[in-house]
Structure formats: C-alpha cells, structure tokens
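Colleague: Predicted model follows, preceded by the sequence.
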Amino acid sequence: NGLEVVVVENHEVPLVWVSLYIDRGNYTDPEGKAGLASVTMDMLNEGAGEYDAAGLSKAVRSLASSMGTSSANDSSAITVKSLTKNLEQTLDLMSLVVKSPTFPQADWDLMRTKRLADLEAARNNPRQIHSRVWNKLMYGDSYNGRSTTEESLDAITLEAMQSWHSERVVAQNALILVAGDTTLDAIVEKLEARFGKWTAGEAA
C-alpha cells in the first residue's frame, strides 16, 4: 500500500519503539468542531476490536508494553513500546487500535465531561489565557487560532469521530518510525502482516 517505514537500529537493550504518524492533525478540524482530531485520537485506545478500554489496557500491560495516542496541530500519532520478545503481540494490539476502533459512547461521555471541566479550569489559568489570546491574535479564525470550546465539544459526535478516522487515518497519510532492537527486514515482515492490506485511502 506504499506505507513508508524508517528504522533506526539500537541493540543495547531488548526494547522497540514503533510510532505511526499521520500527517493530519488539529488543523483539519471542521468549522464548529474544534477539538475533533484531538478527541478522536484520544478515543482510539478506549476500545478496539473485541476489547473495551479496560481490556485493551490490561492486554497491553500484560505484555509489559505501553501504547499512547496523540494529536498536534500538524500531525497525529499512535506509539507503542515493547520488549523485543513481545513485539508481535504488541503490534497486533496496535493494528486493532489503528484500524478497528469502536468509539464507545460511555467513554466519550466521560472524556467530554473531563474536557469541559478542563476548559472551565483554564479560565483561571494565566498561561492558558495567554496562549488562547496569543493564538487568536496570530492566526485569527484559522489553524492554531481556533480553540476548543464548550460548544465545539457538544457538537462533536461519535459519527464525526468515525468520519475523521476513516478519512484521515489511512496509509496514504502515514509514516511508520521504528527504533530499537530490530532490523529493517525483521520489522517490515511484521508490519507487512498487520498493515500491508490497510487501505491506502484518498488524498483529502
């Protein structure tokens, strides 16, 4: 599917980091839904495939691995760290999170409540106030000038997350960076088995 893989070998310790970067981030949030990319990425590991959030967390921890998702202005990422011996099982879980998230309503309700509380707290945080005003002055109503609000969070639905994921989290927008106790040949074989048939998608 044309997915590029970059590897840096380091065999000092039996650990491997794998990061899948998507060159789509917060700048893609549609009008009235500021925060969509951020919440979509955060929701990816709240449930995937047959796992709910607790089950997925337990499966990752049982391998002594870790998994995180994030978004920034210009990109998004799913990153795992694994013992070399558990890399294949960890990549199985990573593949589920990337390709088969379930976006459970209950978890979004909890996340939205927390984010609304964070917005309320930000009104009394000088650093947060400064950041919002500065970004608005610098960028206006585009790019980093758009801030998440109570209204934009209320406008975000599970359907909007699913749509953002299906349009943005595709192989054509992705790059996999690998570092640690592996080789190019070894990791490409493992990644091909899990991401080789992942849809390339269309440029948006």
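Modeller: Received, thanks.

Colleague: what's the distance between the nearest residue to residue 107 once chain neighbours are set aside and residue 90?
Modeller: Once flanking residues are discounted, residue 107 sits nearest to residue 46: 4.0 Å by Cβ to Cβ, 6 or more residues apart in numbering. Quick note: C-beta positions are derived from backbone N, CA and C, even for glycine. The gap separating residue 46 from residue 90 is 18 Å, by Cβ to Cβ, to the nearest Å.

Colleague: now swap in residue 163 and tell me
Modeller: Counting by Cβ to Cβ, the gap from residue 163 to residue 90 is 28 Å.

Colleague: The two: who's more crowded?
Modeller: Legend: neighbour count by other Cβ atoms under 10 Å for residue 163 and residue 90, higher for residue 90 (23 against 14).

Colleague: ok so the more buried one is a strand residue?
Modeller: No: checked against DSSP: H, G, I helix; E, B strand; the rest coil, residue 90 lies outside a strand; its state is helix.

Colleague: and residue 144, that's in a strand?
Modeller: No: looking at residue 144 with three-state DSSP, it is helix, so not inside a strand.

Colleague: Touching, it and residue 134? I think so.
Modeller: No: with contact defined as Cβ atoms under 8 Å, residue 144 and residue 134 do not form a contacting pair (9.3 Å).

Colleague: My guess is the residue nearest to residue 107 contacts residue 109. True?
Modeller: No: assessed by Cβ under 8 Å, residue 46 is found out of contact with residue 109, at 11.0 Å.

Colleague: more neighbours, these two?
Modeller: More neighbours surround residue 46 than the other of residue 46 and residue 109, with 23 against 10 (other Cβ under 10 Å).

Colleague: Now do the contacts for the more buried one.
Modeller: By Cβ atoms under 8 Å, 6 or more residues apart in numbering, residue 46 lies in contact with 52, 53, 56, 101, 102, 103, 104, 107, 108, 111.

Colleague: what's the answer for residue 171, then?
Modeller: 1, 2, 3, 195, 198, 199, 200, 201.

Colleague: what about stretch 20-38, how long is it end to end?
Modeller: 16 Å (Cα to Cα, to the nearest Å).

Colleague: Brilliant, that's me finished.
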